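Asker: Structure here, sequence nowhere to be found:
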């Protein structure tokens, strides 16, 4: 009897300590506010709300804008690490949606587009949160336009990250020469996959079911 | 191969030579080979037969054990039934016949009163009328003596007669009225006697019918004690029926427990957090499950304390005072847990509405969210709270089918075990015989290439009474 009890206790302890890897999700969304793309932010708000509805207890979510220098915490518009109590989660989601709504209403176009800086910030944020799944959403046309003096020709460590480009719109020049558009996509895919990340593009915003 | 065929310049001759050599060798070692094959076959045959017998013995022991268990369970159940019947008789006797002396006195008093009234109500014969004598005097009167006065005398007599008649009738009416009054007084006494006797008759009938039932149960009990096959068969089939019925009711109870679980698992996340895990399971789910299991345990203890079930002999053997205390304690805990569940069910509804409102807001349907949490919310809230409060008490009664299930499970498992052992024994017997016949077959196959020397041997043996071909099969018994 004593042996059985000891075995049962060991089994319980083993069960408790068997899998301690985090299973939560961290999402960092970058919003391109440069030039005419600023008008697309209404769509971004829908994506943010959809993402919010998919996230649950202990997940983390942050939304940041891409502007001239995006490698900065000041560009984070809203962020939340959801509580593990359902009532608190609902409150946090409502507050988050309000903050994003306010930003979308008052957003002003940025003169430059520092996507790499935003990516670096996203990686830093998600690594700090230590979530099990790490996803970076880039709501942009992926046309990087850096101000003179900014150095961004660095590799972003994306091992264990999934990078999803959303609503990659075609620019006027892309219409003239589609190779520019395809080249942009290929370049970003190459940059992400080169450092161990996964790359996806979703342009059809009606089919967001597989987003997370 | 080329070496074998190259021992002579002619391959055919080499082959023939080889065949002759091999056949000769086989013939020379035939007896030893036969013995080896037979020994191997017999060895396997005996091993399997022994194993089969051992399994058969185990099956017999298990059957005997199962029968003992069945009879013991049946005896215990029958004892309980008879004990309860005696309790009922005792209760009837105590309740209805304990005041028999009072009943007897009441009956005697009623009968005494009736007798007294009856005596008083006897019809009193009216007094002989006075005018008879007067008529006789008139009749005896000489016609010559004052015949002229007869008319007046008769007139007086007539008057007297009418007067006497009136008086007699009045007295008679008065006496009759008195008698009727007395008889009327007797009526409630009659009714009372009738009712009393009816009640006594009912009680006696009830006792008689119970005594018949007890006789029947006693007869069955005696059959069980003597271990009659009929009793075993009845108990076995009854046990199977109990097993399936209790399993069905337990399935329903599991359904109820699942509903109960879904009512409290979600809001439990509000208390213990929604992300912490124990093993692969959420702590909130485990906490909800523990609450339900504690409720079921309390229900079991309550039923044990009430002596409805007998799963824990320790509780049944407790002193009555302690047992009653235990009833109150378990019921209080159960009540508190049911209240907690009702609260959690309310919390669940609140959370659900909050989540729906948030989802609607995120979908951009704020107006819909407001109307969704509208006027009919209280119905579902009340229903959930009611279920949360009632289900723990309903789960208390799981103890009854559980007890039946546990008791009948022993018998059912025994029956399954007997069946399994029987099949194993049969398979082992079949295998034993297969090996025996396999040995015979191998020997026959061994002899097949040796047909030439064997034929020569047979020709040479003039007696011709060699071993019969099926002699080896003597040991084979199915």
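Answerer: All right, it came through fine. What you see is a predicted model; the values in this text were computed from it and never measured.
Asker: Specify the local secondary structure of the residue nearest to residue B:227 when sequence neighbours are not counted.
Answerer: Once flanking residues are discounted, residue B:227 sits nearest to residue B:71: 5.9 Å by C-beta to C-beta, 6 or more residues apart in numbering or on different chains. Using the backbone N, CA and C atoms, a C-beta is placed for each residue, glycine as well. Using DSSP: H, G, I helix; E, B strand; the rest coil as the criterion, the local structure at residue B:71 reads helix.
Asker: Please give me every residue in contact with residue B:71.
Answerer: B:224, B:227, B:231, B:232, B:235 (C-beta atoms under 8 Å, 6 or more residues apart in numbering or on different chains).
Asker: Work out the gap between the helix or strand hosting the last one and the centre of the chain.
Answerer: It refers to residue B:235. Using DSSP states H and E, residue B:235 sits within helix B:229-272. Distance of helix B:229-272 from the chain centroid (C-alpha atoms, centre = their mean, to the nearest Å) equals 15 Å.
Asker: does any part of the helix or strand following it sit near chain A?
Answerer: Downstream of helix B:229-272, the next assigned helix or strand under DSSP H and E is strand B:277-278. Yes. Strand B:277-278 lies within reach of chain A by C-beta under 8 Å from any C-beta of the partner chain, at B:277, B:278.
Asker: Please determine how far the residue nearest to residue B:227 is located from chain A.
Answerer: Distance check for residue B:71 against chain A: by C-beta to the nearest C-beta, to the nearest Å, it reads 30 Å.
Asker: what residues does chain B put near chain A?
Answerer: With C-beta under 8 Å from any C-beta as the criterion, chain B meets chain A at residues B:266, B:269-270, B:273-280, B:350-351, B:354-355, B:357-359, B:361-364.
Asker: Run through the residues that contact the nearest residue to residue B:354 once chain neighbours are set aside.
Answerer: The shortest distance from residue B:354 to any non-neighbouring residue, by C-beta to C-beta, 6+ apart, is to residue A:90 (4.9 Å). By C-beta under 8 Å, 6+ apart, the contact list for residue A:90 reads B:354, B:355, B:357, B:358.
Asker: looking at this, residue A:90 is in a helix?
Answerer: Yes. Counting by three-state DSSP, residue A:90 is found in a helix.
Asker: confidence score at it?
Answerer: Note for residue A:90: predicted pLDDT of 89.
Asker: next one: residue A:8
Answerer: If you check residue A:8, the pLDDT there is 55.
Asker: What's the local residue count around residue A:142?
Answerer: Residue crowding around residue A:142 was assessed by other C-beta atoms under 10 Å in any protein chain shown; the count is 19.
Asker: Counting by contacts, list what the helix holding residue B:235 packs against.
Answerer: For helix B:229-272, the contact count by 3 or more C-beta pairs under 8 Å, 6 or more residues apart in numbering or on different chains; DSSP states H and E identifies helix A:86-106, helix B:30-92, helix B:150-226, helix B:283-305, helix B:320-362, helix B:377-396, helix B:399-447 as packing neighbours.
Asker: comparing these, which gets the lowest mean pLDDT score?
Answerer: helix B:150-226 - the lowest mean pLDDT of these, at a mean of 81.
Asker: Check the spacing between residue B:431 and chain A real quick.
Answerer: Distance from residue B:431 to chain A, by C-beta to the nearest C-beta: 36 Å.
Asker: cool, residue B:229 as well?
Answerer: 39 Å.
Asker: Around chain B, which positions in chain A sit nearby?
Answerer: Contact residues, chain A versus chain B (C-beta under 8 Å from any C-beta): A:15-16, A:18-19, A:24, A:46, A:49-50, A:52-53, A:56-58, A:84-87, A:89-90, A:93-94, A:97.
Asker: Max pairwise distance over the contacts of residue B:71: which two?
Answerer: The distance between the two most remote of these (C-beta to C-beta) is 10.6 Å, for B:227 and B:235.
Asker: Counting neighbours, go ahead and name the busier of these two.
Answerer: With neighbours defined as other C-beta under 10 Å, residue B:227 and residue B:235 compare such that residue B:235 has more, 25 against 12.
Asker: Show the contacting residues for the more buried one.
Answerer: B:70, B:71, B:73, B:74, B:224.
Asker: how many neighbours does whichever residue of chain B sits closest to chain A have?
Answerer: Using C-beta to the nearest C-beta, the closest approach of chain B to chain A is made by residue B:279 at 3.5 Å. Around residue B:279 there are 15 other residues, counting by other C-beta under 10 Å.
Asker: ditto for the one 4 residues further on
Answerer: By the measure other C-beta under 10 Å, the count of residues near residue B:283 is 19.
Asker: Which residue is the nearest non-sequential neighbour of it?
Answerer: The shortest distance from residue B:283 to any non-neighbouring residue, by C-beta to C-beta, 6+ apart, is to residue B:276 (4.3 Å).
Asker: Geometric centre of chain B: which residue is closest?
Answerer: The centre of chain B sits closest to residue B:242, judged by C-alpha atoms, centre = their mean, with a distance of 5.7 Å.
Asker: Please give me every residue in contact with the residue nearest to that one when sequence neighbours are not counted.
Answerer: Distance criterion C-beta to C-beta, 6+ apart; nearest residue to residue B:242, sequence neighbours excluded, is residue B:408 at 4.3 Å. Counting by C-beta under 8 Å, 6+ apart, residue B:408 makes contact with B:239, B:240, B:242, B:243, B:246.
Asker: Point out the least confident one among these.
Answerer: At the low end of pLDDT for the contacts of residue B:408 is residue B:239, which has 85.
Asker: Chain neighbours aside, what residue packs nearest to that one?
Answerer: Leaving aside its sequence neighbours, residue B:239 sits nearest to residue B:411 (C-beta to C-beta, 6+ apart; 4.1 Å).
Asker: need the contact list for the one you found.
Answerer: By C-beta under 8 Å, 6+ apart, residue B:411 lies in contact with B:66, B:69, B:70, B:73, B:236, B:239, B:240, B:243.
Asker: Look up how far residue B:417 lies from it.
Answerer: 10 Å (C-beta to C-beta, to the nearest Å).
Asker: where do the contact lists of these two overlap?
Answerer: Common neighbours of residue B:411 and residue B:417 (criterion: C-beta under 8 Å, 6+ apart): residue B:66.
Asker: The closest residue to residue B:58 other than its chain neighbours: neighbouring residues, count only.
Answerer: Closest residue in space to residue B:58, ignoring its immediate chain neighbours: residue B:421 at 5.6 Å, by C-beta to C-beta, 6+ apart. Residue B:421 has 20 neighbours, counted by other C-beta under 10 Å.
Asker: cool, the one 10 residues further on as well?
Answerer: Residues near residue B:431, counting by other C-beta under 10 Å, number 17.
Asker: nearest spatial neighbour of it, skipping sequence neighbours?
Answerer: residue B:48 (4.7 Å).
Asker: returning to what we had before: let's have the contacts of residue B:235 in CSV, adding distance to residue B:115.
Answerer: Converted to CSV, the contacts of residue B:235 look like this (distance: C-beta to C-beta, whole Å):
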residue, distance to residue B:115
B:70, 63
B:71, 60
B:73, 60
B:74, 57
B:224, 55
